[in-house]
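Student: Generate coordinates for the sequence data below:
(2 chains)
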Amino acid sequence: MGPLASGCYTRLLVFHHIEQRIAQSVAAYLKIRYGIETEVVVEPPKEPRFGELGVTSAFGLARQLRKAPRVIAAEILSEMPPIEGVASAEIAGNGYINLRLDRAAYGAALLAGDLQTAAPASTGKIIVEHTNINPNKAAHIGHVRNAVLGDTFVRMLRAAGHEVEVQNYIDNTGVQVADVVVGFHHLEHKTSEQVAGMAADPACRFDYLCWDLYARTSSYYKDNPEALEWRKQALHAIEAGVGELAELAHIVADAIVSCHIKTMLRMGIEYDVLPRESEILHLQFWATAFELLKERKGIYLEAEGKNAGCWVMPGSAFSDSTDEDTNKVIVRSNGTVTYVGKDIAYQLWKFGLLGKDFHYRPWTSYPDGRVLWVSTDRPSGGAAPKFGRGSSVYNVIDSRQSYLQDVVAAGLRALGFLEQAGHSIHFSYEMVALTPRTCVELGIQLSEEDQKRSYVEVAGRKGVGVKADDLIDKLIAATRAEVDARQTGGTGENAEAERQKIARQIAIGALRYFMLKVTRNSVIAFDFKDALSFEGETGPYIQYAVVRIRNIFRKGDTTPDEALTDFAQQFGDLKGHDFSRAAEMAKDEGALAPVVSNLASYLSGEANEDIWSLWLRAGRFSQVLEQCISTSEPAHLAKHAFQLAQEFANFYHRHHILTEEDPARKTFLLATAAVTLRELVRALALLGIESPEAM
RNA sequence: GGGCGAGUAGCUCAAUUGGAUAGAGCACCGGCCUUCUAAGCCGGGGGUUGUGGGUUCGAUUCCCGCCUCGCCUACCA
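Tutor: Next comes the predicted model:
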């Protein structure tokens, strides 16, 4: 559980608000009445007919109090003071306490406003590191999952009022870049000038070219193991930063990073800063971390055994094992540092614990004006923001690296930075694999064994995989065909641009939702058929609900804002009232009373259950957001958005708004659509999915 | 061998972290376009939650054993 597990809003709306209020009230009562302190679980009952929320505390208390749960529930029910926002309560089953909300008060609160979040109380800056693609080949679907997860989590944190810095680490000096350098130099016999020319040629898909070259080099090593010497030479040259090979590496890495930034921007993904490994080396970040680790005895020099001459971290530091075999080499016997070592230095910098900083220069400016900075080893005169110095760090890295992430956290602990180690969070997720069927479509040869599996791992080294840009292109082609078939965007002068825009919005919506609807620790078995589907539980389904609502307002010649204003004027002034105030006013038969009583009639009764269900869910945004953040699981919001869209679709078919004859009811139905629209758009925005005007 | 994760409908996945009759989507079958767009809606069949025990009022969820699968377990990154 992360450092954000506890609530960080000072004010919450609707569902979350009332859920908390109930939990607190019951907990306080239990403490006074029985002297027992316990966490009270409040959750919706299995079926709506039992009410909106249920409390199961009576069961837990039964043993301690030596009373039947039903008796305890009865005591709680009869003696507890009323809870604001709760209309009634009853006992069910063996001791469930079921609560029914004051629907009008809930509805008034939902109408009244936006989610209001205050800046979280001094939790400090949160750093989220994601994407981190080796700059030696095109991005593939595995990278898309990483970036979409990371980006969505960033959007959620920002929506909750946190200050967030997005880092995309660039390993521009590693073996993967070295292998492409070897390919260009030894296999292709290209000079750095020639490669620079290819990289600058707009007709050349440089990242695709390197994708193939990387695969070629890898297979060349397999047939000619002596060629691994080339890799070693390239690595040395790159690390030293001089000579033709270093120049090649520089050109390749920079060009590929540019490709990645563009690819990610197609999905709406932006970064604040690109810390690069070359600067970690040149600015001696590792040397500083090395001294610290030696000083504080986090690592030691192995005298004998297989790791003789290496600086190692004892396995006991990051696992239960005391076996020496689990020791992790940090510095090789030839004096060079491993990846994990550099990662420890980088992690220290993120927390501001290294006592050093990078220099920076602008890498590019995004269309929205945001500047993307890159690390440099010397001052460039630009006024860069203060990067690093985070109070919490989320590393979005696939679960295969959990062992290495444990070592990094252990490094912080070994240095005595216990708090930072605790706030060093591995935001892990499972890999994206391919279904055998998709492999066949891609022309990938599979063994008989693999054909029987439900999925096959992507292997970048072999060039096996689905490139992100190819997938996006394919999605856009598919959505464009649908858009054309429907003549969405009209046939006028701007039709072409309009259609392309809508096709892109839907394609990206489909892609991002596809990545987000699955929980993190589930392997995604990527299948073209599923990914190219726009029906059922997909992004486009939710976007379609949005478009339908917009069409209602367009056809009705009004707007959501007008509808809400009309509603407020018709039934009283709702603006500026918060939940507790609304409930209070309702009780006092004050200014809000007419609204509340009208709402009550519209939101209750057998015939209105589906509408109430829609309102109830529409008010759950802040609760779901909090859940996503405390569990680091964006999938909950994806599910919420889908369910809300589903309830709206149901509502849409049962209630025809524009032909409603009762003007008051029509206003209410329009307000229902307006609130749903607001909540759908808000949820989609956090998922990084745009809400199209037409479909 | 050790570590981590997974096993739920034919398929792909959920299940608000121990709650009430385990839910969605896809696929399949049957209905619904003269209506605010059918990228939609309604209905139907589909389950011994891998397996055996345990914990308790209550287990898909927690504990132990076993079976199957994946990943990790480099002086690669």
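
Student: Tally up the residues packed near the single nearest residue of the stretch 501-650 of chain A relative to RNA strand B, please.
Tutor: Nearest to RNA strand B, among the residues of the stretch 501-650 of chain A, is residue A:536, at 2.0 Å (C-beta to the nearest atom of the strand). From N, CA and C alone the C-beta is placed, and that goes for glycine too. When neighbours are counted by other C-beta atoms under 10 Å, residue A:536 registers 9.

Student: What distance do you get for it to residue A:630?
Tutor: Computed as C-beta to C-beta, to the nearest Å, the residue A:536 to residue A:630 distance reads 29 Å.

Student: Same question for residue A:123.
Tutor: Residue A:123 is 13 Å from residue A:630, by C-beta to C-beta.

Student: between the two, which one's more packed in?
Tutor: Neighbour totals were compared for residue A:123 and residue A:630, and residue A:123 leads with 19 against 16 (other C-beta under 10 Å).

Student: what secondary structure does that one sit in?
Tutor: Three-state assignment for residue A:123 (DSSP: H, G, I helix; E, B strand; the rest coil): coil.

Student: Could you do residue A:91 as well?
Tutor: Classified using three-state DSSP, residue A:91 is strand.

Student: That one touches residue A:77, doesn't it?
Tutor: Yes. Using C-beta atoms under 8 Å, residue A:91 is in contact with residue A:77, at 6.2 Å.

Student: got any residues that touch both of these two?
Tutor: residue A:97 (C-beta atoms under 8 Å, 6 or more residues apart in numbering).

Student: So which bits of the stretch 201-350 of chain A are right by RNA strand B?
Tutor: A:277, A:306-310, A:319-321, A:325-326, A:329, A:332-334, A:336, A:338-340 (C-beta under 7 Å from any atom of the strand).

Student: make it 10 Å
Tutor: A:231-232, A:235, A:239, A:277, A:302, A:305-312, A:315, A:318-321, A:323, A:325-343 (C-beta under 10 Å from any atom of the strand).

Student: burial measure for residue A:106, as a count.
Tutor: Around residue A:106 there are 26 residues (other C-beta under 10 Å).

Student: ah, wrong one, I meant residue A:295
Tutor: Counted with other C-beta under 10 Å, residue A:295 comes out at 9.

Student: State the distance from it to residue A:631.
Tutor: From residue A:295 to residue A:631 the distance is 38 Å (C-beta to C-beta).

Student: buried set for the helix or strand harbouring residue A:254?
Tutor: Element membership for residue A:254 (DSSP states H and E) is helix A:244-266. Under the neighbour-count criterion of 16 or more other C-beta atoms under 10 Å, helix A:244-266 has A:245-261, A:263-264, A:266 buried.

Student: three-state assignment of residue A:99?
Tutor: strand.

Student: Kindly report the same for residue A:443.
Tutor: Going by three-state DSSP: residue A:443 is coil.

Student: Roughly how far does it sit from residue A:481?
Tutor: From residue A:443 to residue A:481 the distance is 23 Å (C-beta to C-beta).

Student: Compare those two (neighbour count), which wins?
Tutor: Between residue A:443 and residue A:481, counting by other C-beta under 10 Å, residue A:481 is the more crowded of the two (11 against 6).

Student: about what we covered before: please pick the buried ones from the residues of the stretch 201-350 of chain A next to RNA strand B.
Tutor: A:231, A:235, A:239, A:277, A:302, A:307, A:310-312, A:315, A:318, A:326-331, A:337-338, A:340-343.

Student: In helices, which of these fall?
Tutor: Using DSSP state H, the subset of those located in helices is A:231, A:235, A:239, A:277, A:340-343.

Student: can you list these in JSON lines and add pLDDT?
Tutor: Converted to JSON lines, those look like this (pLDDT from 0 to 100):
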{"residue": "A:231", "pLDDT": "94"}
{"residue": "A:235", "pLDDT": "93"}
{"residue": "A:239", "pLDDT": "87"}
{"residue": "A:277", "pLDDT": "94"}
{"residue": "A:340", "pLDDT": "93"}
{"residue": "A:341", "pLDDT": "94"}
{"residue": "A:342", "pLDDT": "94"}
{"residue": "A:343", "pLDDT": "96"}
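
Student: Would you format these as TSV with distance to residue A:146 included?
Tutor: TSV is the format used below for those (distance: C-beta to C-beta, whole Å):
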residue	distance to residue A:146
A:231	26
A:235	25
A:239	26
A:277	18
A:340	19
A:341	23
A:342	19
A:343	16
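
Student: which one of the residues you listed is nearest residue A:128?
Tutor: Checking these against residue A:128 by C-beta to C-beta gives residue A:343 as the nearest, at 15.9 Å.

Student: Low-confidence stretches in the stretch 101-250 of chain A?
Tutor: In the predicted model of the stretch 101-250 of chain A, residues A:113-122 satisfy pLDDT under 70.

Student: Would you state the strands of it in chain order?
Tutor: Ranges of strands in the stretch 101-250 of chain A, per DSSP state E, counting those that start in this stretch, are A:126-129, A:164-167.

Student: Nearest residue to residue A:48 in space, please, no chain neighbours.
Tutor: In space, residue A:48 comes closest to residue A:613 once its chain neighbours are excluded; the distance is 6.5 Å by C-beta to C-beta, 6 or more residues apart in numbering.

Student: Likewise for residue A:91?
Tutor: Nearest to residue A:91 is residue A:73, by C-beta to C-beta, 6+ apart, at 4.8 Å.
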